[in-house]
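Undergrad: return a 3D structure for these sequence lines:
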Amino acid sequence: MIIENFHVQPEVLFALAENSKFLYVPILAKFYIADSKFHILAGPQANIILEETGDDTKALGLDATFNAGYDINERFFVDARYSLELTNEISSDIEGADDVKARCNTFQVGIGYKF
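TA: Numbering: from 1, shown residues only. Sure, this is the predicted structure:
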């Protein structure tokens, strides 16, 4: 804890989307709103495709992540998160790739448990 209402929160998240597996590694700044149980988070997030990708797709990307949440009690919380991919998933080594953009923005809602 840096100051009472501000924390740095690193995470590692595993995700399944259709038939693809991803690993997300955010490092978020967490700020509690006044003396409430509501909090907001924001920061960079690495996204890693855990499957073999072709020559035309990058396995590593960078997102900007934004989150809002509520602490139900000391251990349980609910939150909603939106991640905006900043990198292009199409490899720049492919001819004509400068004109093609592929990004995977994500939205998630969840219940969590703090250890």
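Undergrad: all contacts plus neighbour counts: C-alpha atoms, from now on.
TA: OK.
Undergrad: mind giving me the packing neighbours of the lowest-mean-pLDDT helix or strand in the chain?
TA: Lowest mean confidence among the helices and strands of the chain (mean pLDDT, DSSP states H and E): strand 13-17, at a mean of 88. Judged by 3 or more CA pairs under 8 Å, 6 or more residues apart in numbering; DSSP states H and E, strand 13-17 is in contact with strand 20-32.
Undergrad: mind checking the end-to-end distance for stretch 101-111?
TA: With CA to CA, to the nearest Å as the measure, the ends of stretch 101-111 fall 33 Å from one another.
Undergrad: pLDDT weak spots in this structure?
TA: Along the chain, the model assigns pLDDT under 70 to residues 1-2, 55, 90-100.
Undergrad: where do the strands of it begin and end?
TA: 6-10, 13-17, 20-32, 38-49, 60-71, 76-85, 106-113 (DSSP state E).
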